[in-house]
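Asker: Predicted model and sequence follow; I will ask about them next.
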Amino acid sequence: MNRIEIQYFAVLRERAGTGRETVETAAATAAELYDELATRHDFGLPRGMLRVAVNDEFADWSRPLAAGDRVVFIPPVAGG
Amino acid sequence: MQAFSFSSAPLEPGRYHAGIEDPAAGGYASFEGWVRDHNEGRTVERLEYEAFESLAVKEGERIVAEAVAKFGVTRAACVHRVGSLAIGDLAVWVGVSSAHRGEAFAACRYIIDEVKHRVPIWKKEHYTDGDSGWVNCERCAAAAHAHEHAHLHATGDFASHGHEHAAAVQHDYSRQIALPEVGRAGQAKLAAASVLVVGAGGLGVPVLQYLAAAGIGRIGIVDGDVIEASNLHRQPLYGIADVGRPKVAVAAERLHALNSDVRIETHETKATVENVDGLVKNFDLVVECTDNFRAKFLVSDAVVRALKPAVFASVHQYEGQVQVYRPLPHWPCLRCLWPEAPRDGMVGNCAEAGVLGPVPATLGALQAMQVLKRLLGLDAGEAPALVTVDLLSLETRRLIARRNPACDHDQPGEPAGVEGTSAPLELEFATLAEAFESGLELVDIRETWERMHDPPGLQIPTHLPLSALVNGYLQFPTEGRYLIVCAHGVRSLSVTEQLRAQGLAEVFSLKGGLAALRS
């Protein structure tokens, strides 16, 4: 189990009801982590529409996770 | 009588009365402004008015015409005094005749308020202590000329006052030239630069204001919308009296008043596939300030093709994102970051999701800053990134972004299933009644709160709010013939595209949404 710091933006923040949380997870990749959280928080957005950043850098969904990683999920935003 | 005139002789309301009489009028409202004996704690003996008449008459006539059009009154006129006036003298007269009293009072109020605010008239008060002073040139205050005004007043040069005022004031860039990184050379770079601002809304307003104030040589504004009352809380460049006017026209007026050094070009249109390349090629840099993905990707594709730098931003409720694009080999475009171009409606824009004014203002100011950095060359060594800003926690994050080797950069991938469909996606109707008669079932996908102010008799019974569709709480029927309706036709087009892709053949989007029907 890894301890991961997570930050949410926009619609994901609304759905999760929080901007950030820390989770203990067995997810091995960013994709597995999102799928796990999407189930827990009932995220409506498919993963293909989002981007993930790990430790302040955009990453592939296949990126392996390590303890202490900071993961940010970013939906596209259009308002202006 | 003339709609607006000046008089150097005492005003005679009895005489003007005849000028606005009309058999269709059921009444008449009038306002008289009188010279009072005090101002800001000082006793006034008499005063003098001077106007820059050629300009003032034109502006005054425009105001009266606006009042007639806006309130539907029968006739209206305004006469303003110039010259020397004693206490109790009439300074200004406004008269409005109308079928009903409500419109007459409203139009009368509008004319006097706008005249005081917009018409270049100066007032010099003579006090009992022998002193005198120019006061109350509201138009000058609005144009930020107060400093020069005080100077002219000190010279007591009454005769040339108005004309000097209009011609001699220069925009003063000293406070930015004072920065060692800017200097006169930097100011010259800004004056030589041209910037295209796409979208004159919540992001566009601060971008336009700060770029015009900074002395960018030429600014192009692209926006096809008119000002709505619900825009003003986040677009305070506009006022309540501007509602219904094109954003580009009002923005151009205000920016010209702010800094007449800047050449403003207006394009009263949305950015489209047809016009975007032609617009982008005539400018050094593009600032993308719209509220929809369609336009954002259109602009991204165009700047990639034209090898122009661009600054993108978006907001959602309390947060926003900024991204700078530079035409350099390792810099990502919008499609590199979002390979699956998002659809409008999947995530909210300001109209749907709500937003506090300072959020787009902050992000727009950040965009303006990125533009100045680029033009002044202050961004050396900056790596490409998406910057996120959360205005609730006041946290910013710089997420390093890279070019996506799989990205075609300027080649939009059409959503599957839409290509090759011969039926148009959008249908136009003049009224809601016509739409109902089309035989299509109307489906309103606006949120519940957006439907609250619909006029009686113009409600759409079938309601599937987009938020519920996106979250999967409601499902769209898999067969039937539908016309999807939203406020402006952006969300409905997106939903229509998705439904077509899912195999629903006879589904259409109401072009321009309900806003297009009402106009």
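Answerer: On my side now, so go ahead. Numbering: from 1, shown residues only, chains lettered A, B, ... in the order given.

Asker: alpha carbons only for contacts and neighbour counts from here, please
Answerer: Will do.

Asker: Run through the strands of chain A in chain order.
Answerer: Ranges of strands in chain A, per DSSP state E, are A:2-8, A:20-25, A:51-54, A:57-59, A:70-74.

Asker: will you turn these into JSON lines that also has mean pLDDT?
Answerer: Shown next, in JSON lines, are the strands of chain A (pLDDT from 0 to 100):
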{"stretch": "strand A:2-8", "mean pLDDT": "93"}
{"stretch": "strand A:20-25", "mean pLDDT": "94"}
{"stretch": "strand A:51-54", "mean pLDDT": "93"}
{"stretch": "strand A:57-59", "mean pLDDT": "92"}
{"stretch": "strand A:70-74", "mean pLDDT": "93"}
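
Asker: which one of those lies closest to chain B?
Answerer: With Cα to the nearest Cα, the closest approach to chain B among the strands of chain A belongs to strand A:57-59: 4.5 Å.

Asker: Need the per-residue pLDDT for the closest residue to residue B:436 other than its chain neighbours.
Answerer: Nearest residue to residue B:436, sequence neighbours excluded (Cα to Cα, 6 or more residues apart in numbering or on different chains): residue B:442, at 6.9 Å. Reported pLDDT at residue B:442 in the predicted model: 92.

Asker: Over to the one 5 residues further on?
Answerer: We have a pLDDT of 86 for residue B:447.

Asker: would JSON lines of the strands of chain A with mean neighbour count and distance to chain B be doable?
Answerer: Shown next, in JSON lines, are those (neighbours: other Cα atoms under 10 Å in any protein chain shown; distance: least, Cα to the nearest Cα, whole Å):
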{"stretch": "strand A:2-8", "mean neighbour count": "18", "distance to chain B": "11"}
{"stretch": "strand A:20-25", "mean neighbour count": "13", "distance to chain B": "11"}
{"stretch": "strand A:51-54", "mean neighbour count": "21", "distance to chain B": "7"}
{"stretch": "strand A:57-59", "mean neighbour count": "20", "distance to chain B": "5"}
{"stretch": "strand A:70-74", "mean neighbour count": "22", "distance to chain B": "9"}
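
Asker: nearest spatial neighbour of the residue nearest the centre of chain A, skipping sequence neighbours?
Answerer: The residue lying closest to the centre of chain A (Cα atoms, centre = their mean) is residue A:73, at 4.0 Å. Of all residues not flanking residue A:73 in the chain, residue A:52 sits nearest, at 4.7 Å (Cα to Cα, 6+ apart).

Asker: quick one on the thing from earlier: is it true that the residue nearest to the centre of chain A touches residue A:7?
Answerer: Yes. Using Cα atoms under 8 Å, residue A:73 is in contact with residue A:7, at 6.5 Å.

Asker: and the strands of chain A as TSV, adding distance to residue B:335?
Answerer: Converted to TSV, the strands of chain A look like this (distance: least, Cα to Cα, whole Å):
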stretch	distance to residue B:335
strand A:2-8	22
strand A:20-25	27
strand A:51-54	12
strand A:57-59	14
strand A:70-74	15
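
Asker: circling back to that earlier point, across the sheet, point out what pairs with the residue nearest to the centre of chain A.
Answerer: Beta-bridge pairing for residue A:73 (DSSP bridges): residue A:8, residue A:52.

Asker: thinking again about what came up before, any figure for the gap between the residue nearest to residue B:436 and residue B:506?
Answerer: Distance, residue B:442 to residue B:506, by Cα to Cα, to the nearest Å: 12 Å.

Asker: which residues do these two both contact?
Answerer: Residues touching both residue B:442 and residue B:506 (Cα atoms under 8 Å, 6 or more residues apart in numbering or on different chains): residue B:482.

Asker: can you tell me which residues contact the residue lying closest to residue B:385 once chain neighbours are set aside?
Answerer: Nearest non-adjacent residue to residue B:385, counting by Cα to Cα, 6+ apart: residue B:400, 4.4 Å away. Residues near residue B:400 by Cα under 8 Å, 6+ apart: A:56-58, B:383-386.

Asker: switch to 10 Å and redo it
Answerer: A:53-59, B:383-387 (Cα atoms under 10 Å, 6 or more residues apart in numbering or on different chains).
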